[in-house]
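Asker: Sequence and predicted model, in that order:
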2 protein chains.
Amino acid sequence: MKLLIVDDDGLIRDSLKLMLETTDGWTARTAADGEDAFVKCREELPDIILMDIRMPVCDGVEATRKIKEAFPEVKIVMLTTFTDDGYITSAINAGAEGYLLKSTPADGIIERIRAVEKGAMVFDKGVNLSAKKPEAVIFDILTERENEVLALVATGLSNGEIAAKLFLSPGTVRNAVSVILEKLELRDRTQLAVYYWRNSVG
Amino acid sequence: MKLLIVDDDGLIRDSLKLMLETTDGWTARTAADGEDAFVKCREELPDIILMDIRMPVCDGVEATRKIKEAFPEVKIVMLTTFTDDGYITSAINAGAEGYLLKSTPADGIIERIRAVEKGAMVFDKGVNLSAKKPEAVIFDILTERENEVLALVATGLSNGEIAAKLFLSPGTVRNAVSVILEKLELRDRTQLAVYYWRNSVG
DNA sequence: ACTTTCATGTGACATTTGTCACAATCTTGT
DNA sequence: ACAAGATTGTGACAAATGTCACATGAAAGT
């Protein structure tokens, strides 16, 4: 089986690859971000993609959407450290087959990948499934673009840098940040970063 | 950067080495116990030592004391499975720069090693340190005041709010922030917050 | 005594940031 | 067809931020 591991952290990429390739007949390639993942898919279509959610450039949800659109037969499993409700609904809406936590032990992850291969949808028990209604985007206060901008703000990028990365004008990014701040009832980008990291880890 | 991994368990030694050497420019040697570690230090001085506490022959605290005495410029991070209070104070008294739990995910360990490289003292949140504040990140290169300001910036306060809280003039706080940024090689307070939380909570 | 470091402060300056008003597309659903 | 919302953009403006030069006093080390 051909796997594609998408994660911005090189260490996780490599250790996952190392781990999964101990399983007979499994091979794994890696990608550093959503765009990279798309390119790798075009080169050689994997059976299953393990996709991190929070990534710079093109986040996991966005990447899932794009890849599913172009290659609907690929199965995508979100793999993340967070039990974030909002992201789960986004991920499901984007077409993901599963949602696993990185805290899952190695053998558990392999087992679940096997299940997905057979056509199952898997969700880790740490994941709150009450929000598993594709319509429940109401919980997603932020639009996709806004989530994208938020993730970049939370890595410490300036508006200009974010604009360059997303091919937008700096003014647009500033507006986006402004809207995000209002929606989340925060004051400035520093609080945004704090909020982001506190809520993703806690 | 040159690392030295000291652990009596061969499996842990090797997997840590494997993991850490995936990081660009990092090389790692290993030692099985405290005495071995001392010998390896004399052969080739590492930048940072990851030291297990419980070892036969010469335990981690003892080894830390000896090595720090002979090679004070080496930075030593205790790496252990236990949240044992008695050991942590001993470790600090022996001169260790940090105290991490083996349960910390791989990327967290690497982040923290980077922080130690820059002169930080890091303590995992699972570690109970009655004297320390919940945010147990103290940077050596920063003065007391600067650490104080940093902690407040990292909660999302503005310069004015920090000034009010510490009974300082806003200008002083701005200067302090400016110095912190330069010392940590960061650009703005948002990056400061991100950096701070990545190194304290991860 | 002398130097260094820290803590504190001021004033000036350019830049960044966040807000507001407004507007042109484009998609989606009714 | 129309409404609603998302996306993108501009221009103007006030506030916050970060940098620099400079200065004073206290504490600590040599």
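Answerer: Great, that's in hand. Numbers count the residues shown, from 1 in each chain, chains lettered A, B, ... in the order given.

Asker: Please make it C-alpha for all contacts and neighbour counts, starting now.
Answerer: OK.

Asker: A:L3 looks like it's in a helix, true?
Answerer: No. Counting by DSSP: H, G, I helix; E, B strand; the rest coil, A:L3 is not part of a helix but strand.

Asker: what bridges to it?
Answerer: Using DSSP bridges, the bridge partners assigned to A:L3 are A:A28, A:I48.

Asker: Roughly how far does it sit from chain B?
Answerer: 20 Å (C-alpha to the nearest C-alpha, to the nearest Å).

Asker: can you count the residues close to that residue?
Answerer: 22 (other C-alpha atoms under 10 Å in any protein chain shown).

Asker: That one is in contact with A:D47, isn't it?
Answerer: Yes. The criterion here is C-alpha atoms under 8 Å, and A:L3 meets it with A:D47 at 6.0 Å.

Asker: just checking, what packs against the helix ranked longest in chain A?
Answerer: Of all the segments of type helix in chain A, defined by DSSP state H, the longest one is helix A:170-184. Secondary-structure packing of helix A:170-184 (3 or more C-alpha pairs under 8 Å, 6 or more residues apart in numbering or on different chains; DSSP states H and E): helix A:144-153, helix A:159-166, helix A:189-201.

Asker: Mean neighbour count and distance to A:L100 for those helices - can I get that in JSON lines?
Answerer: Formatted as JSON lines, these follow (neighbours: other C-alpha atoms under 10 Å in any protein chain shown; distance: least, C-alpha to C-alpha, whole Å):
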{"stretch": "helix A:144-153", "mean neighbour count": "21", "distance to A:L100": "20"}
{"stretch": "helix A:159-166", "mean neighbour count": "17", "distance to A:L100": "28"}
{"stretch": "helix A:189-201", "mean neighbour count": "20", "distance to A:L100": "15"}
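
Asker: Tell me which of those lies nearest to chain B.
Answerer: Among the helices and strands packed on helix A:170-184, the nearest to chain B by C-alpha to the nearest C-alpha is helix A:189-201 (4.4 Å).

Asker: circling back to that earlier point, tell me the angle of the longest helix of chain A relative to helix A:144-153?
Answerer: Relative orientation of helix A:170-184 versus helix A:144-153 (axes from the mean of the first three to the mean of the last three C-alpha atoms, to 10 degrees): 100 degrees.

Asker: Alpha carbons only: can I get helix A:170-184 in CSV?
Answerer: The C-alpha trace of helix A:170-184 is given here as CSV (Å, rounded to 0.1, in the frame of the first residue of the first chain):
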residue,chain,number,x,y,z
PRO,A,170,-1.6,43.4,2.5
GLY,A,171,-4.8,45.4,2.9
THR,A,172,-6.9,42.3,2.5
VAL,A,173,-4.9,40.4,5.1
ARG,A,174,-5.3,43.3,7.5
ASN,A,175,-9.0,43.3,6.9
ALA,A,176,-9.1,39.6,7.5
VAL,A,177,-7.2,39.9,10.7
SER,A,178,-9.5,42.6,11.8
VAL,A,179,-12.6,40.4,11.2
ILE,A,180,-10.9,37.4,13.0
LEU,A,181,-10.2,39.6,16.0
GLU,A,182,-13.8,40.8,16.2
LYS,A,183,-15.2,37.3,15.9
LEU,A,184,-13.0,35.9,18.5
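
Asker: Pretty sure A:Y195 is one of the things A:V153 touches, is it not?
Answerer: No. Distance between A:V153 and A:Y195: 11.2 Å, which falls outside the contact criterion (C-alpha under 8 Å).

Asker: From B:I67, how far off is A:E117?
Answerer: Distance, A:E117 to B:I67, by C-alpha to C-alpha, to the nearest Å: 52 Å.

Asker: Between the two, tell me which one has more neighbours.
Answerer: B:I67 (25 against 17).

Asker: gap between that one and DNA strand C?
Answerer: Plainly put, B:I67 is 25 Å away from DNA strand C if you go by C-alpha to the nearest atom of the strand, to the nearest Å.

Asker: Can I get the one helix or strand that residue maps to in PDB? Just the C-alpha atoms.
Answerer: For B:I67, the element it lies in under DSSP states H and E is helix B:60-70. Taking Å, rounded to 0.1, in the frame of the first residue of the first chain, the C-alpha atoms of helix B:60-70 are listed here in PDB:
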ATOM      1  CA  GLY B  60      22.400  11.400  36.300                       C
ATOM      2  CA  VAL B  61      22.600  13.900  39.100                       C
ATOM      3  CA  GLU B  62      26.100  12.800  40.100                       C
ATOM      4  CA  ALA B  63      27.200  12.800  36.500                       C
ATOM      5  CA  THR B  64      25.800  16.300  35.900                       C
ATOM      6  CA  ARG B  65      27.700  17.600  38.900                       C
ATOM      7  CA  LYS B  66      31.000  16.100  37.700                       C
ATOM      8  CA  ILE B  67      30.600  17.200  34.100                       C
ATOM      9  CA  LYS B  68      29.500  20.700  35.000                       C
ATOM     10  CA  GLU B  69      32.600  21.000  37.300                       C
ATOM     11  CA  ALA B  70      35.000  20.000  34.600                       C
END
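
Asker: quick one: contacts of the following helix or strand past it?
Answerer: As assigned by DSSP H and E, the chain's next helix or strand after helix B:60-70 is strand B:75-80. Identification of contacts with strand B:75-80 by C-alpha atoms under 8 Å, 6 or more residues apart in numbering or on different chains yields B:47-54, B:60, B:64, B:91, B:95-102, B:116-117.
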